[in-house]
Structure formats: C-alpha cells, structure tokens
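Engineer: Return atomic coordinates for the entry below.
(2 chains)
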Amino acid sequence: MEDMLFYDRLQFAFTITFHYIFPQLTMGLSLLIVYFKWKYLRNKIEKYNNAAKFFMKIFAINFTMGVITGIPMEFQFGTNWAKFSELTGGIIGQTLAMEGMFSFFLESSFLALFIFGEKLMGQKLHFLTGFLVFLGSWASGWFILATNAWMQHPVGYEILDNGKYVLQNFSALFSNPWLLPAFLHNQLASVVTSSFVVASIGAFYILRNKHTEHGKLFLKTGVVFGLISSILLAFPTGDWNAKNVAKYQPASFAAMEGIFETENAGAEIVLIGQPNMVEKKLDNKIAVPNILSFLTYQEWDKQIPGMDQFKKEELPDNIPALYYSYHIMVGLGTIFIGIMALAFFFLWQKKLYKLKPLLWIIMFLVPFPYIANITGWYTAELGRQPYLVYGLLKTSDGISPTVSSGNTLFTLLGFVALYMLLGLLFLVLVGKTINEGPKPQTH
Amino acid sequence: MEIFWYIIIAIVLAVFFILDGYDFGTGIIHLFFAKKEKDKEVIAKSAGLFWDSNEVWLVAGGGMLFMAFPTFYASVFSGFYLPLIIVLWLIIFRAIGLEFRSQFKYQMWKDIWDKSFGVSSLLLALFFGIALGNIVRGVNLGGVENGVSVYEGHYFFLPLWDSSFSPLSKTPGVIDWFTIIIGLISVVTLAIHGANWVILKTNSSINNKLKSVIFKLNIVLTVLTIFSLIVWQIVNPNSLDNFIDKPYLIVFPIIYFIGLFGLFFIKKIKKDIYSFALSTLLILGGITSSLASLFPVILPSINEINEPLTIYNTSASEYGLSVALTWGIIGFILLFVYMIIQKRLMGGKIDKMDYGH
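Structural biologist: Numbers count the residues shown, from 1 in each chain, chains lettered A, B, ... in the order given. Now for the predicted structure:
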C-alpha cells in the first residue's frame, strides 16, 4: 500500500513536471508572438514579422511536445488514480472536458493555419489566427487551473452517501476565490519564462555576431516584457496567492514559511534557514521580525499559527520539500526582478548591446525561470498534501485499487526512459531552429 | 440525459477513429508499400500535417468520458492499465516519428523515424481493435475468484494474457484469440482507410498500386468479418438480442456492409473522395454496430456475481450532465466553424505545401 502510493505519486510528479516545461513556454510565447505580429501590422517592418514566424516555429515544437506529454496526464487520472476519478470525475471532469472542447481545439486548429497559411490569407487574418492561438493557450491554462483550484479549495459540491462528489453549482467552479489569483500568477510566470527565452536567444545572437538585427529586437522585447512580468509576478499576484494560502490552508502556510512555533506577537519572515524536522526548528536562521504578519494581514502584531497548532496528520507530509520549493521560487523571483531591472537600465542608457558580461548572464539565465515555475507548482501541490481534495479526500484514498506497485514501477521506468529520449530530441530540434535563426521574408 | 451523453461520446470517439484512423492507416501503408524516398516523404506529410488536430478528438473524448461516466472511466482505465500505458507510449513514438523525420537529411535518421511511425501506427491499430474486442467480450468485474469478489464490483485488473489464451476462460486477459481477430480487422480496416487518404491527399506515384492493394485487403477484411461474426456468437451469445428487440438498430451493420461491398468497386470509382467515404462508413458502421449490440451496457461482466457496467450505473449527476450539455452544444458549434475554416484553407492535394516546422 505504501509502495503503491509512493510510485503513483512519483509517476504523476515526474510526468507532470516534464509536461509542464512545454505549456509553460507556449502560453507566454503566444503573447509575445501576438505582440510581434501586431507591431508588424502597425509599422510594416519585416523583422517583426520574421520574429513572429521564428518564434512560432519554437512554439510549434513546444506545442507538439506539450500534446504528446499531456495525453498521459489525462490517462493517468484513470489508470493510477481511479478512486479519485470515480469520486470526483463528475466535478473536475467538467473543467477538464471544457479544456479539450474550448481551448485545445482552438489552439490546434489555428496553429496549423498560422504556420502554413500566411500566403493564403493576408496579414490581418494571419494576425487573427495568431491571436486565436494565444486565446486558446491561455484558455487552456484557465481550465486546468480551475481544475486544480477545485482540488485546492473545493466549492460548489455535495457529497452523496456513497462518497461520490456531485456538482451542485457549476458557476462556483469559476468564481472559486482560489482560481483568479492562481491563474494570473501562473500566466505571468509563463510570460517571465518566455521573455527570458526570447531575451536569451537575442543575447546569443548578439554575442555570436549573427542575426544581430533580430538579436537586438529579441533582447529589447525580452527585457521589457521580462521586467514588467517579473514585477507583477511578485506583486500583486504572488502576494495575493500567499494570502489565499494563509486563509484557506493555514497548515500549509506555516510549513511553507517554516514557522514551527506560534509566536505570541507578530510572525517573522524567514529569509534563510534549513528546516530541522527532528528538533522542530530552523537551523542557521536569518529572519526579520514581524514582517510576515504585516505582509499577510497588514498588521505588525497579528498572530500567525505555526505548525504546533495543527494535528500531525493535517500537516503536509514533506515539510522540507515544501519549504525549499517555496523559498527557491521566491528567491529566484527576486533575483529575476534585479537582473531585469539592471538590463532595463542599460537598455534605456543605450549601453546594453555592448555590455558583454550582462549579455552572458541573460543568455545563461534560461533554466532558472523554469526552475522557479516548477518549484512554484510544487509549492502548491506539496502544500495540498496529505489531501487530494483539500480537507476532504486523502491522497492515499485516491489511488487505483487494482493496480499493483510493480506495474506502476514498470510504467514509471518506461516513462523515464521515453521522456529522456524526448528531452534530447527536443533540445536538438530547438537548438537547430535557433541556430538557423529567423529567415528573411521570401516573396 | 445519460443516453444523450452516450451518443455524444460515441460520436466523438467515432470521429476520432475516422480522423486519426486515416493517419494510423497511412503509417501502415508507409511501412509496407512506400519504397521510394519521394513516396515516403509525401505519405508521412499527408499524416504529419493533420495528426495533432486529429489527436485532439481523443483528448476531448477522454475528457467527456471522464466527466459524464466517471465510474466507467475509473474502472476501465485502471483495469486495462498495462495496455493503456503501452498505447500512450506508442502514441508518443508515432508522433515523434512523424514530427522529426524531416528535420535532418541523413538517411539513417529518416529510416529510424519512418520505422517508428510505421510500426507504432500498426501496433496502435491492433491495440484499438483488441480494446474493442475486450469491451464486447466483457471482463471479470470485481476480480471474482472462487465465487468471491476481490475488489469492489466495478473494479477489475486484466493481465496482458491468460495462459489459456481463450476468450472463454474465467479470467481472460487483454489478448486472446478473439480479441486478436478484432485487432486484425481493425488493422486491415485502417490500412484501407489510410490508403484512401493517401490517394485523396497526394499525387504519390504509388496511388494506382494502392487501389489494387485496397481491393486485396478488402477480400481479407470480408473473410475476417464473416469469421468474426461467427465467433462473436460464441463469445457473447446475447449480442444479437438488441437487434431483434429493436430492429431499427440494423441500420448500423448495414452502414458497415455498404462500406465493405462498396470498396470492391474501388478501381471503377472515379472520385477519390467517394472511396474515402466508403472506408469512413466501414469504421463508423463497425463501431456503432458494436456499441448498439451492447447498449445500454458499456462493459459486460463475465461472472454472475457482479452486474455489468451500464450508462446508468456509471454516470455523473443529472445536474452535471445537463450543465455540460449546454456548454457542449456551444463547443460543438465552435468546433464545426473551425473545421470549415480549416478545410477551406487546407483542402486539396498537399504535395506543394511546405512541411517541417
């Protein structure tokens, strides 16, 4: 039983982490593509159109990878989490089916048209198809997060005698107080990732002295979008989400912030420290008093319940992982704002294109927004533990009763091998596309 | 309301098998009949341009099944655990085969991905047929051993095969001689469908040869069909009851046989779209006849202890189903709009279109 749960969780964590790499880029990149295409419609300068088409190629590779790693996610609800599916399918099935119906069809139909149809339909329609791809990919995020929001903070349901959850209020799924902040935070994070990718490719072209015209455009656009989105990511959306966790999942909040003991006065904010689960304290702590209370409730002396206030079985089952995920996300987010602000300052001073050290930093920064995004996702998911549906359904009660741990281990190993191959191919393809660079228009 | 959703999901799945069916079929054709590089490229392109928008139907169908019949989804997906995960891997292999073959010019690179595309298409066609075979045969619901259910009544777990390899065993596996026959029917049907697609969408040099290939495959299919109808009676003796009670259901097998007999005239058919339509009828008729023979059961039970799964004992709440119907109708209207736009812009032969992202 323990094994089963462990392998099921490991498999889901592995497949969703790998999957999330791709939509994370496509959602933000579609916005930048729409921006480039819109600029081209306004000013008719070819390089904007080339930029839109170049990034659509990278988008397409990511989209394909997203589709083929996304199908296993849908299947796994049934294969590995059958009990969960049976009990809650009537509710979260709504949002998942809507994702397929309203966003996935939109995105895939118009992506093909955007890529192959420019000559067939003229510039304005071409812009429109790009815009519809953007709309589809953001709608996808909306429905997936609506699904997740219900698991984090269930609303609009009724529990029958046989334990099944049935839908009682459809509109509650979308007015869920958890949804909007989580959606905005997630979409901004994806804009950060794609801005960093765009800026990094730009920096690479400038440093290699290749496609420099496009390189400057990419760098400039990436820095401007990156600065705006990384600031909005911290405030107001990050702050809003933290307040939501404090309000709806106080036990997770205590674990995230590393508060082992409730303080009589206001709670301090921990900058650095390692959770020590044996002695129930933080080692090597650096903290600023009262700040956490102020940030969360705008009151310096407001008490925040620590982990000592909750029963052991209500606390997340892996507190250090949750704590580190959260702190890595926040730490990286802060660093992003700093670097992008610096880059923006030099851009404004017209010195950025010659400032090699900073260009090198921007070029190699690419993996970090991915790490920040993934640790952010882990914060949400580890924080929800030990529940699948917060406060209602334990994770251990959601797994498939008929599938033995040996089967799950076998399929997990299969996924690991297959995804390693996929990852390698993906890097080769994206590398090749970047190396070829944006092509000048051929009429 | 349950019947409504059952019909909708059946339509979505049938559309999936018709649309993605042709690209599975092109894979099989590609594997056996494409010898020249030019043909290989054109055939891969005829699938590569469309597979991901076809696969969306699988995702949508899966999502709807999850929403409307959660108990069925949970039961079947965990019960057929191993074959379904293998199907997932095959889907991935096929997709990367299609997407990556044109990315590099090295012959070895192309050969690897061509084989990956062809073999996984073939195996997928086989597995989908086997799945259908399992559903009409029924499973050991509850995992009954010595008269006692091991799991709750609607759960089960099927090994890949049982040592007897017989559908009549008390604990049949996923693969037995009956499901293999249905699997082979699926392979031949989709190969015919794929060949029709290649003829329809390309000016490939093997198009004329493909017409006689279709004719020969159709003979094989006819033999397999007759044979399967006989053994079907042995495996599930109740399978004709529905057709006797509700004679109008006979329209579904008729659709199948129109497709089957129509395809014997393949060489005389002037317009390619008509023969593609015939193989479409074949798939449509095959799926709907199987479902009609079971209705309202969706998964028969082969033991006497546990009830079969029906659309009534596995569905979500009435309220949920009716809300979903409202947004579902809006969704379908949008969907047809997209399809019309796409077909208008991307119709015709694809040889001259750019391919490769």
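
Engineer: so where do the helices sit in the stretch 151-300 of chain B?
Structural biologist: For the stretch 151-300 of chain B, helices defined by DSSP state H, counting those that start in this stretch occupy the ranges B:177-201, B:207-235, B:241-245, B:251-262, B:272-294.

Engineer: closest to residue A:375 out of the ones you listed?
Structural biologist: Judged by CB to CB, the one of the helices of the stretch 151-300 of chain B that comes nearest to residue A:375 is helix B:177-201, at 44.0 Å. C-beta here means a position set from N, CA and C on the backbone, and glycine is covered the same way.

Engineer: and that closest one, anywhere near chain A?
Structural biologist: No - judged by CB under 8 Å from any CB of the partner chain, helix B:177-201 stays clear of chain A, getting no closer than 14.0 Å.

Engineer: what distance separates that helix from the middle of the whole chain?
Structural biologist: What separates the centre of helix B:177-201 from the centre of its chain is 9 Å, taken as CA atoms, centre = their mean, to the nearest Å.

Engineer: what packs against it?
Structural biologist: helix B:2-33, helix B:37-48, helix B:107-137, helix B:207-235, helix B:272-294 (3 or more CB pairs under 8 Å, 6 or more residues apart in numbering or on different chains; DSSP states H and E).

Engineer: lowest-confidence stretch among these?
Structural biologist: Mean pLDDT is lowest for helix B:37-48 among the helices and strands packed on helix B:177-201, at a mean of 82.

Engineer: List the contacts of it.
Structural biologist: Helix B:37-48 has contacts (CB atoms under 8 Å, 6 or more residues apart in numbering or on different chains) with B:22-23, B:26-27, B:29-30, B:34, B:98-99, B:101-102, B:110, B:114, B:117, B:197-198, B:201-206, B:350-351, B:353, B:355.

Engineer: same thing with stretch A:412-420?
Structural biologist: Contacts of stretch A:412-420 (CB under 8 Å, 6+ apart): A:7, A:10-11, A:14-15, A:18, A:69, A:72, B:85, B:89, B:92-93.

Engineer: Make CSV out of the helices of the stretch 151-300 of chain B and add mean neighbour count.
Structural biologist: Below are the helices of the stretch 151-300 of chain B laid out as CSV (neighbours: other CB atoms under 10 Å in any protein chain shown):
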stretch, mean neighbour count
helix B:177-201, 25
helix B:207-235, 16
helix B:241-245, 12
helix B:251-262, 17
helix B:272-294, 21
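
Engineer: that older thread, save the contacts of stretch A:412-420 as a markdown table, and put in secondary structure, neighbour count and distance to residue A:160 too.
Structural biologist: Formatted as a markdown table, those follow (DSSP: H, G, I helix; E, B strand; the rest coil; neighbours: other CB atoms under 10 Å in any protein chain shown; distance: CB to CB, whole Å):
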| residue | secondary structure | neighbour count | distance to residue A:160 |
| --- | --- | --- | --- |
| A:7 | helix | 22 | 30 |
| A:10 | helix | 14 | 32 |
| A:11 | helix | 23 | 30 |
| A:14 | helix | 14 | 34 |
| A:15 | helix | 23 | 31 |
| A:18 | helix | 20 | 36 |
| A:69 | helix | 23 | 34 |
| A:72 | helix | 25 | 30 |
| B:85 | helix | 25 | 31 |
| B:89 | helix | 17 | 37 |
| B:92 | helix | 23 | 38 |
| B:93 | helix | 23 | 42 |
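
Engineer: picking up where we left off before, could the helices of the stretch 151-300 of chain B be laid out in JSON lines, adding distance to residue A:40?
Structural biologist: Output for these, formatted as JSON lines (distance: least, CB to CB, whole Å):
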{"stretch": "helix B:177-201", "distance to residue A:40": "32"}
{"stretch": "helix B:207-235", "distance to residue A:40": "41"}
{"stretch": "helix B:241-245", "distance to residue A:40": "60"}
{"stretch": "helix B:251-262", "distance to residue A:40": "48"}
{"stretch": "helix B:272-294", "distance to residue A:40": "38"}
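
Engineer: right, and those - which one's nearest residue A:398?
Structural biologist: Of those, nearest to residue A:398 by CB to CB is helix B:272-294, at 29.4 Å.

Engineer: got the contact list for the closest one?
Structural biologist: So helix B:272-294 is contacted by B:10, B:13-14, B:17-18, B:21-22, B:132, B:135-136, B:185, B:189-190, B:192-193, B:196-197, B:199-200, B:214, B:236, B:239-240, B:242-243, B:249, B:252-260, B:262-263, B:266, B:269, B:300 (CB under 8 Å, 6+ apart).

Engineer: Can you give me the buried ones in stretch A:417-437?
Structural biologist: A:418-419, A:422, A:425-426, A:429-430, A:433-434, A:437 (16 or more other CB atoms under 10 Å in any protein chain shown).

Engineer: likewise stretch A:152-171?
Structural biologist: A:152-157, A:164-167, A:170.

Engineer: and if you look at stretch A:111-126?
Structural biologist: In terms of neighbour count (16+ other CB under 10 Å), stretch A:111-126 has its buried residues at A:111-118, A:125-126.
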